[in-house]
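> Sharing a model that was predicted from the sequence below.
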Amino acid sequence: MVMVMRPELLQAAAERNLGVLATIKRDGRPQMSHVGFVLDLEQGALRISVTDDRAKVRNLRRDPRASMFVSGRDGWSYAVLEGTVQLSAVAQAPNDPVVGSLIQLYRDVQGQEHPDWDDYRAAMVGDKRLIATLRVEHTYGITS
């Protein structure tokens, strides 16, 4: 199989921060979730905040292959980024490194500071949040 990396699709996806993450359910069908993300073009990886007890995380632990669908602003163009996902540790304490990474991810996705970082830190631990990092291996789509 030939791996294709189309820079214009990566750039189009990097300009957005909402997409649909598709993971593989036990029966082989896709499980899709609307998620916020940030794409690091230099690293060729996108990061997503996920909750430990959700289907997408269970699916990724069983099979780390995933795809991210990102719609263009015009509604017709799109990019699909396929790759393998690595999961971080689950946030355990308000000041652990995972929470620090989740804070940076929040800033990157939202483009602003949170109004109450103490509350955010506690929520990340309470939600059992972690970061899913998709290393982009293949792209396809249509640019406008």
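Received, thanks. In this text the structure is predicted, and so the values were computed from the model without any measurement.

> Show me where the protein dips below the pLDDT cut-off.
Across the chain, the ranges flagged by pLDDT under 70 are 1-4.

> Report the central residue of it.
Geometric centre of the chain, nearest residue: Ile48, 2.9 Å, by CA atoms, centre = their mean.

> Please point out which parts of the helix or strand where Gln11 lies sit buried.
In the assignment (DSSP states H and E), Gln11 maps to helix 7-14. Buried residues in helix 7-14, defined by neighbour count with 16 or more other CB atoms under 10 Å: 9-10, 12-14. In this view, the C-beta of every residue, glycine as well, is placed from N, C-alpha and C.

> what's stretch 13-33 in contact with?
Residues outside stretch 13-33 that contact it (CB atoms under 8 Å, 6 or more residues apart in numbering): 34-39, 41, 46, 48, 54-56, 59-60, 62-63, 65-71, 73, 79, 81, 109, 132, 134.

> Ala66 and Arg129, how far apart?
18 Å (CB to CB, to the nearest Å).

> quick one: which of those two has more around it?
Shown here are Ala66 and Arg129; by other CB atoms under 10 Å, Ala66 has more neighbours (23 against 20).

> ok, back up a step: so what's the residue nearest to the centre of the chain bridging to?
Ala132 (DSSP bridges).

> Tell me if I'm right that it and Val35 touch.
Yes. The pair Ile48 / Val35 is scored as a contact, 5.1 Å apart, by CB atoms under 8 Å.

> Checking the closest residue to Val20 other than its chain neighbours next. Helix, strand or coil?
Excluding its sequence neighbours, the residue lying closest to Val20 (CB to CB, 6 or more residues apart in numbering) is Phe69, at 4.4 Å. Classification of Phe69 by DSSP: H, G, I helix; E, B strand; the rest coil places it in strand.

> Hmm, Phe69 is touching Val80, no?
Yes. Judged on CB under 8 Å, Phe69 makes contact with Val80 at a distance of 5.4 Å.

> Report the contact partners of Leu102.
49, 91, 124, 129, 131.

> Include distance to Leu105 when you put those residues into JSON lines, please.
Below are the contacts of Leu102 laid out as JSON lines (distance: CB to CB, whole Å):
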{"residue": "Ser49", "distance to Leu105": "6"}
{"residue": "Ala91", "distance to Leu105": "12"}
{"residue": "Met124", "distance to Leu105": "10"}
{"residue": "Arg129", "distance to Leu105": "10"}
{"residue": "Ile131", "distance to Leu105": "6"}
